[in-house]
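Chemist: A structural model of the following input is requested.
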Amino acid sequence: MPGDPELLPVFAARRPVDMHLPMTWGDLVSVSTLTPGAAAYLDAAVRARLTILVTGEARTGRTIMLNVLGAATSDSFDNTYAIERLRYLTFHQLLPFASSVQTTPVVDASGDRTPVRELVRHLVKMQAERIVADDVIEDAPLEVWELVRRCHGSMFSLAAPDPRTALGRLVDLVSNQSHPDVDARRTFGREVTNEVDLVVHMTQPSDTGAARVGEIFEVDFSDAGFVAGQVLYERSRKGELFWRDRVPARTSIAISEGVPHLLRIRDPED
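Modeler: Residues are numbered from 1 along each chain as shown. Just a heads-up that it's a prediction; the model follows:
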């Protein structure tokens, strides 16, 4: 199963957890944002360079999750960029080859404003190898999406009430058309589902105010507007995140080959 209990790493949390500092999986596990098994699975997905979309509505903790996913890239020497409107991402403080770029339009001495699209395009020239983009894809859809495609193993966020709606919104954004025809939408839908491997959906915070993962969705394919995939982890009515006893299909090979020592993906026959 994802996150075999016998192989799970020990996630150490600080006491008390300071949400303003760069956070770790241990911090999130300690406040029940997710379980150790789910944390191990996502950590392995980052190390295997899977592309992850973080979704959720306002104030559900999308930035918190991006911070921890970004920090999980610490085993690599990738040239990683945090791209955000406001400086809420802090993971780059932990990494020697990471930097932060704020997309607030820059005003030079002459009073001219540099558009967000130009700022994002500049990252291509800076040879970014991985990006962590916090809600900026709506400001420069095509430019950010091109970076996601170029930089394998990137993470980005998009406000949406559920994973499938988020993927549909993403198709609309990158198609750059208000009402794309069926063929265009089908083409962009396939492109999006080919690039995005996992969707981590954040749900409403707990009574203590801690962020909570509501669902981890593995993307499979898209056809005629329908997004196929499976829910690997889901939060029950009692508020507990549990594994749905489903074997990851698309992501299992990449993860088991990339980090076989971290978690085992069982075969359907097991």
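Chemist: in this protein, which spans are helices?
Modeler: Taking DSSP state H as the test, the helices found in the chain are 25-30, 36-47, 62-71, 116-125, 141-150, 163-175, 182-195, 252-258.
Chemist: With respect to Val54, which of those lies nearest?
Modeler: Taking CB to CB, helix 62-71 is the member of the helices of the chain nearest to Val54, at 5.0 Å. All C-beta atoms are positioned from the backbone trio N, CA, C, and that covers glycine.
Chemist: and that closest one with helix 36-47, angle?
Modeler: With axes from the mean of the first three to the mean of the last three CA atoms, to 10 degrees defining the directions, helix 62-71 sits at 60 degrees from helix 36-47.
Chemist: Could you pull up the mean pLDDT of helix 62-71?
Modeler: If you average the pLDDT over helix 62-71, you get 92.
Chemist: Quick one: list the elements packing against it.
Modeler: helix 25-30, strand 52-56, strand 80-84, strand 130-134, strand 155-159, strand 198-203 (3 or more CB pairs under 8 Å, 6 or more residues apart in numbering; DSSP states H and E).
Chemist: Other residues contacting that helix?
Modeler: 19, 22-25, 27-28, 33, 42, 46, 52, 54-56, 80, 82, 84, 88-92, 94-95, 98, 132, 134-135, 155-157, 159, 200, 202, 211, 213 (CB atoms under 8 Å, 6 or more residues apart in numbering).
Chemist: And stretch 236-243, by the same measure?
Modeler: 1-3, 32, 34-35, 37-38, 206, 212-214, 232-235.
Chemist: Point out where this structure drops to low pLDDT.
Modeler: Filtered on pLDDT under 70, the chain yields the residue ranges 1-22, 104-115, 176-182, 224-225, 253-270.
Chemist: strands paired with the longest strand seen in it, and their directions?
Modeler: In terms of residue count, the longest strand belonging to the chain (DSSP state E) is strand 212-223. Strand 212-223 sits in its sheet next to strand 198-203 (antiparallel), strand 226-235 (antiparallel), going by DSSP bridges.
Chemist: thought Ala159 was touching Ala58?
Modeler: Yes: shown here, Ala159 and Ala58 form a contact pair, counting by CB atoms under 8 Å, at 6.7 Å.
Chemist: Mind checking which of the two has more residues around it?
Modeler: The neighbour comparison of Ala159 against Ala58 (other CB atoms under 10 Å) goes to Ala159, with 15 against 6.
Chemist: nearest residue to that one other than its sequence neighbours?
Modeler: Glu57 (6.3 Å; CB to CB, 6 or more residues apart in numbering).
Chemist: Cross-check the contact I'm expecting between that neighbour and Pro161.
Modeler: Yes: the criterion here is CB under 8 Å, and Glu57 meets it with Pro161 at 5.9 Å.
Chemist: distance of the residue lying closest to Leu198 once chain neighbours are set aside from Thr208?
Modeler: Nearest residue to Leu198, sequence neighbours excluded (CB to CB, 6+ apart): Ile52, at 4.9 Å. For Ile52, the distance to Thr208 equals 25 Å [CB to CB, to the nearest Å].
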